[in-house]
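> Here is the input, now give the coordinates:
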Amino acid sequence: MAETITLRDLFRTIKKRLWLIGIITLIAAIISSVLSFFILTPTYEVKTQLLVNQAKSEQQLYNSGEVETNIQLINTYNVIIKSPAILEKVKSELNLDMSVEELNEKIEVTSAKDTQVVEVLVTDESPYVAAKIANKTAQVFKSKVSKIMNIDNVSILAPAEVKENISPVSPNPPLYIGIGIVLGLIVGLGVVFLVEQLDNTIKTEDDIERLLELPIMGIVAPISDTNLSTSRRAHSSSRQRVRGESIGSQK
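Coordinates of the predicted model:
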C-alpha cells in the first residue's frame with residue numbers, strides 16, 4: 001500500500017529537524033559572506049557619454065527626420081565601438097595587458113530610447129583603469145568614425161570620471177548573502193526530507209500503526225533504575241513476609 005504524506009507530516013518533519021535546517025542555512029550564509037568580502041575581487045564601473053548629431057550650418061533649421069536618422073545610426077555605432085578596429089588602437093595606446101576579446105568583455109555600449117546619447121560603460125578591478133579605457137575608447141571612436149562612415153557627427157558629451165568613495169558594482173554582499181540564505185533553506189529542506197525518507201527506524205506508536213496497519217492494544221511504560229530497585233525491594237519484603245507467615249503457621 002502506497003504511503004500518503006500529509007501536510008501535517010511535512011510540518012512535523014520540519015519541526016523535528018528544524019535545527020538541521022538552521023545549521024545548513026547558517027553555513028550557506030557564512031560561505032556567501034566569505035565569498036563576498038574576502039574571495040571575490042570587487043569590480044567598478046565608470047561611463048562616458050557620446051552625442052550623435054549631424055553638424056549644421058547656422059542657417060539650417062531643426063529637422064525631426066534628421067534626428068530619427070541619427071537614432072538609427074546609433075545601433076551601427078554600438079557595433080563599431082566594440083569592433084577590433086577601435087579596440088586594437090585603444091589597447092595599443094594604453095598598453096593594456098589583455099587581449100582584444102578581454103577588452104571587449106569589459107565594455108558595454110547602451111543608449112536610452114529615443115535619444116541621441118550613447119553611453120560607453122567599462123567595468124574593471126580598478127576604477128581608474130576603467131575610466132582610462134572609457135575615455136580612450138570614446139576618443140578613438142570619435143576620430144575613427146569620420147573615416148569609417150565619412151561623416152563627422154559624434155562629440156564627447158561627458159568624459160568618464162572617478163568619483164570619490166566610489167562603490168564596486170560587484171560583488172553585492174547583501175544580494176549574495178540573501179541568495180546564500182535562500183539556497184541554504186532549500187538545501188536544508190531537501191536534506192531533511194531525504195533523511196526522513198531513508199530513516200526506517202520505529203520511534204513512536206504512530207510509526208507502528210502506519211507500518212503494520214494495526215491498532216495498538218497497549219503500551220509498556222519505561223521503567224527507570226530507581227523504580228526497578230524499589231520494585232525489587234518491595235518484592236523481596238513481600239517474600240520474606242510470606243515466608244515468616246508460613247513458618248509461624250507450621251509452629
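> C-alpha only now, for contacts and for neighbours.
OK.
> and residue 25, how many residues sit next to it?
22 (other Cα atoms under 10 Å).
> residue closest to the middle of this protein?
residue 179 (3.6 Å; Cα atoms, centre = their mean).
> how near is it to residue 21?
Distance of residue 179 to residue 21, computed by Cα to Cα, to the nearest Å: 16 Å.
> try residue 146
Distance of residue 146 to residue 21, given as Cα to Cα: 63 Å.
> got a list of what the residue nearest to the centre of the chain touches?
Shown in contact with residue 179 (Cα atoms under 8 Å, 6 or more residues apart in numbering): no residues.
> quick one: it is in a helix?
Yes - judged by DSSP: H, G, I helix; E, B strand; the rest coil, residue 179 forms part of a helix.
> quick revisit: the more surrounded of residue 146 and residue 21?
A count of neighbours by other Cα under 10 Å puts residue 21 above the other of residue 146 and residue 21, at 21 against 13.
> Could you report the neighbour count for the spatially closest residue to the more buried one that is not a sequence neighbour?
Counting by Cα to Cα, 6 or more residues apart in numbering, the nearest residue to residue 21 once its immediate chain neighbours are dropped is residue 188, at 4.5 Å. Neighbour count for residue 188, taken as other Cα under 10 Å: 23.
> What segments of the stretch 151-251 of the chain are strands?
Assigned by DSSP state E, counting those that start in this stretch, the stretch 151-251 of the chain shows strands spanning 154-158.
> which stretches of it form helices?
Using DSSP state H, counting those that start in this stretch, the helices of the stretch 151-251 of the chain run over 173-198, 205-212, 225-250.
> By mean pLDDT, show me the worst of those helices.
Confidence, taken as mean pLDDT, is least for helix 225-250 of these (a mean of 58).
> after the strand or helix carrying residue 76, next one along is what?
Applying DSSP states H and E as the criterion places residue 76 in helix 64-81. Sequence-wise, the next helix or strand downstream of helix 64-81 (DSSP H and E) is helix 84-94.
> Show me what that following helix is packed against.
Counting contacts by 3 or more Cα pairs under 8 Å, 6 or more residues apart in numbering; DSSP states H and E, helix 84-94 is packed against helix 100-106, helix 127-149.
> Tell me what angle it forms with helix 127-149.
140 degrees (axes from the mean of the first three to the mean of the last three Cα atoms, to 10 degrees).
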